[in-house]
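1. I would like to see how this sequence folds:
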Amino acid sequence: MKKYLIIMIASLLILSACSNEKVVASTIAVSEAQTTTAAETTESETTEAETTAEVTETEAAEEPEPEKPMKEVKIGEMTLKLDPALWETVDEYITRTEKDGEIMTEEDKADMLSYGENLYVLRDTDALLWIEASDFEREDGFGTDEDYELYAMSLNTSASQNDLTGFRSDLSERNGIPFLDSFMTMDTGNYTRLCTIMKDQYGYSLMLSNYSRKNEKEYLYSLIDTITFDEN
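-> The predicted structure is shown next:
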């Protein structure tokens, strides 16, 4: 895991440039020694009991598991929502990793935990989600096309200086929010994608690092669809 953190930190240098089944109830035997009336009564009671048990058990089987509420993460003036079914905390990741038999040193654990609520892991993977906000204290704010173009140029320069090959950035938009979409292939063959949002005086970063399948970028994009900003 430590190597993944090193790769992620190296990537951050870029930014520094600027079916339910039906349950059948069990039958209850009726004694043949009972009188016909008693047998009929018992049979009626048994049928009712079976029906009640069947309905109860069926309802229990069809009742869905309660959904975990979305986790709200607020950074700067931005709030986004994380689906706990998709993203796990660092604590959960450490528990999963150790359960799977991978040894993590105390230093590795401390490195990951030091990111606090800025770091999450895509469940059942080693892909790391890093969220950050940088306050540039610009009174006039920023976020124009020109701002994004200049920032893309600075990222390209930084990537070149850090020998990050195959790096590219494109201006995109989701949820009515423009963002710079930066991508690179890592030396391991995995991928890193950095989405930068420039709004008011903040530069917001959402980075998914060390993901192995290109379609996993959609998990990152879906986070942008949940973003809201505080009203000034």
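
2. quick one: contacts of stretch 176-192?
-> Under the contact criterion Cβ atoms under 8 Å, 6 or more residues apart in numbering, stretch 176-192 has outside partners 7-8, 11, 14, 143, 145, 148, 151-152, 155, 159, 164-173, 193-199, 207-212, 214, 217, 224, 227. The C-beta positions use only the backbone N, C-alpha and C, and glycine is treated the same way.

3. can you pull the buried residues of it?
-> 177-184, 186, 190-192 (16 or more other Cβ atoms under 10 Å).

4. tell me which of these is nearest to Gly203?
-> Leu180 (9.7 Å; Cβ to Cβ).

5. Over to the closest one. Which of the three states is it?
-> Counting by DSSP: H, G, I helix; E, B strand; the rest coil, the backbone at Leu180 sits in strand.

6. List the contacts of the residue nearest to it when sequence neighbours are not counted.
-> Excluding the flanking residues, the one nearest Leu180 by Cβ to Cβ, 6 or more residues apart in numbering is Thr196, at 4.3 Å. Thr196 is in contact with 15, 151, 179-180, 182, 203-205, counting by Cβ under 8 Å, 6+ apart.

7. same thing but at 10 Å, please
-> 14-15, 18, 134, 148, 151-152, 155, 169, 178-182, 203-207 (Cβ atoms under 10 Å, 6 or more residues apart in numbering).

8. Glu117 too?
-> Contact analysis of Glu117 by Cβ under 10 Å, 6+ apart lists 71, 73-75, 82, 89-90, 131.

9. Keeping just the C-alphas, turn stretch 207-221 into CSV.
-> C-alpha atoms of stretch 207-221 as CSV (Å, rounded to 0.1, in the frame of the first residue of the first chain):
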residue,chain,number,x,y,z
MET,A,207,-8.6,12.5,-7.8
LEU,A,208,-9.0,8.8,-8.4
SER,A,209,-5.6,7.1,-8.4
ASN,A,210,-4.5,3.5,-9.1
TYR,A,211,-7.7,2.4,-10.7
SER,A,212,-7.3,-0.6,-13.1
ARG,A,213,-10.4,-0.4,-15.4
LYS,A,214,-11.0,2.7,-17.5
ASN,A,215,-14.8,2.5,-16.8
GLU,A,216,-14.1,3.1,-13.1
LYS,A,217,-13.7,6.8,-14.0
GLU,A,218,-17.5,6.9,-14.0
TYR,A,219,-17.4,6.6,-10.2
LEU,A,220,-15.4,9.8,-10.1
TYR,A,221,-17.7,11.6,-12.5
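
10. Cool, thanks, signing off.
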